[in-house]
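[1] I would like to see how this sequence folds:
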Amino acid sequence: MIKYKEKTLSNGLRVLVNRDRASKLAAVNILYKVGARNEEPSKTGFAHLFEHLMFRGTHQVPEFDIPVQMACGENNAFTNNDYTSFYITLPKENIRTALWLESDRMVNLNISEEAYQTEKQVVIEEFKQRYLNQPYGDELLLLRELAYKIHPYRWATIGISPEHIERATLDDVRSFYKLHYRPSRAILSISADIDEDEMIALAEEYFGGIEDCGGVIGEIAQEPVQCEPRRLEVERDVPATDINIAFHMGDRLSHDFFLGDLCSDLLAGGESSRLVNRLVKERGLFSSVNSYITGSIDAGLFIIKGRLMPDTSEAEAEAALLGELQDIAEGNISDYEMEKVKNKFEANMLMGEINIMNKALNLGFYDMTGDITLLNREAEVYRSLTRDQVMDFATRCFDKRNSSTLIYRAKR
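    This next block holds a predicted model:
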């Protein structure tokens, strides 16, 4: 269990703090509620671009990394479809350095023409190297486009096309910063061996005077129910054919999220899982298989996939994957499997609570979901799941009408 105190400052900034008496470090995380889902269809990739720009320095601090290093700290960031997190670990005695730096770049980011042009080229090159010029690089991009027609989850964090960043103006970028990187769009979470009230007072000191301005955030269009199967077949210069099948499932706070997560672990939770044992080791149909959920805040995807062996036909492979899903829907799940998956989740959760940065990250994430109490309730939720509930989920979710199938075919 992670104990915490919370407060919302007058400018809208959420503050969550945890006293970790076992660590000499302080972990400071600031989560901005901006990801690819907050972009316009004609201007994608901006949240990822800002992950880069936020390290370019401010009018007051030209080199962000130098003060962090001088304070014996480390820092990094990540962006996904739902949010962006910037985090710093450093000795607890130097926590003011982290708070000063984060509050400064919330309002004083130096979005100069030189900084923008430099990072724009970095992002464009990353798009090309990781997605356009990499074997299987555009696979998930294609699957997203197939599964989503309305919701901005239809594009990945990197964006739809590098052209969107290429043609973006400096005014576009500055407007995006003003709209999203402000107190009411942020969550500050801290874990350190410092009194909770003192940490909240420090947050007030460094962030309380920042004015919240920037405009109204538009509503996100929600994906309608899929009523017929979708299919896309492409050929690429890759060594083997992949089959991906995606099904829409519940949002992060729904009961179906936990059932989908458990179901994916039943199928592909390690080398002793069903998919590996049955489809790779016993039947030799695939060289690799996997099943996972996207973990999205809004309604996400349950994905099952496999890379075919040379002698496996596409029809046989697709039938095998669907057969495994049907097996779950029919309730062919042992008590041992259910217990194994639940134990694995609980162990991972407990291990995550040991790391001080994980605590800070989790505080921010669960608060962002809209139900901070899940932070300490998830193990209980997973423990409560039953075989009948998993069967019901599988029957509803793995409906052919709810499926989007991508055949990513190796050129013959």
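[2] didn't Ala379 look like it was pressed against Ala347?
    No - here Ala379 does not reach Ala347: they are 9.9 Å apart, not a contact under Cβ atoms under 8 Å. All C-beta spots, glycine's among them, are computed from the backbone N, C-alpha and C.
[3] Retrieve the pLDDT associated with Glu346.
    Glu346 carries a pLDDT score of 88 in this model.
[4] typed the wrong thing, it's Lys342
    Model confidence at Lys342, expressed as pLDDT, equals 93.
[5] so Lys178 is in which element?
    helix 170-180 (DSSP states H and E).
[6] in that helix, what counts as buried?
    Neighbour-count burial for helix 170-180, counted by 16 or more other Cβ atoms under 10 Å, picks out 172-173, 176-177, 179-180.
[7] On the C-terminal side of whatever helix or strand Ile66 lives in, identify the next helix or strand.
    Per DSSP H and E, Ile66 falls inside helix 65-70. Using DSSP H and E, the helix or strand that follows helix 65-70 towards the C-terminus is strand 74-79.
[8] As PDB, could you dump the C-alpha coordinates of that following strand?
    Extracted C-alpha coordinates of strand 74-79, given in PDB (Å, rounded to 0.1, in the frame of the first residue of the first chain):
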ATOM      1  CA  GLU A  74      18.900  12.000 -13.300                       C
ATOM      2  CA  ASN A  75      15.900  12.900 -15.400                       C
ATOM      3  CA  ASN A  76      13.900  11.500 -18.300                       C
ATOM      4  CA  ALA A  77      10.400  11.600 -19.800                       C
ATOM      5  CA  PHE A  78       7.900   9.500 -21.800                       C
ATOM      6  CA  THR A  79       4.800  10.300 -23.900                       C
END
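[9] Summarise which helices and strands whatever helix or strand comes next after that strand is packed against.
    Of the helices and strands lying after strand 74-79 in sequence (DSSP H and E), the nearest is strand 84-91. Using 3 or more Cβ pairs under 8 Å, 6 or more residues apart in numbering; DSSP states H and E, the elements in contact with strand 84-91 are strand 25-32, helix 46-53, strand 74-79, helix 95-107, helix 356-369.
[10] buried stuff in the helix holding Ile66?
    Neighbour-count burial for helix 65-70 [16+ other Cβ under 10 Å]: 67-68.
[11] swap in stretch 193-206?
    194, 196, 199-200, 202-203, 206.
[12] Would you reformat these as JSON lines and include distance to Glu318?
    Below are these laid out as JSON lines (distance: Cβ to Cβ, whole Å):
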{"residue": "Ile194", "distance to Glu318": "55"}
{"residue": "Glu196", "distance to Glu318": "54"}
{"residue": "Met199", "distance to Glu318": "53"}
{"residue": "Ile200", "distance to Glu318": "54"}
{"residue": "Leu202", "distance to Glu318": "56"}
{"residue": "Ala203", "distance to Glu318": "53"}
{"residue": "Tyr206", "distance to Glu318": "55"}
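[13] closest to Arg185 among the residues you listed?
    For these, the closest approach to Arg185 (Cβ to Cβ) belongs to Ala203, at 15.7 Å.
[14] quick one on the thing from earlier: and the helix holding Ile66, how far out from the chain's middle?
    Distance, stretch centre to chain centre, for helix 65-70: 27 Å (Cα atoms, centre = their mean, to the nearest Å).
[15] Contacts for it next, please.
    55, 61, 74-75, 88, 90, 97-98, 100-101 (Cβ atoms under 8 Å, 6 or more residues apart in numbering).
[16] Top of the residues you listed by number of neighbours, please.
    When neighbours are counted by other Cβ atoms under 10 Å, Ala98 leads the contacts of helix 65-70 with 28 neighbours.
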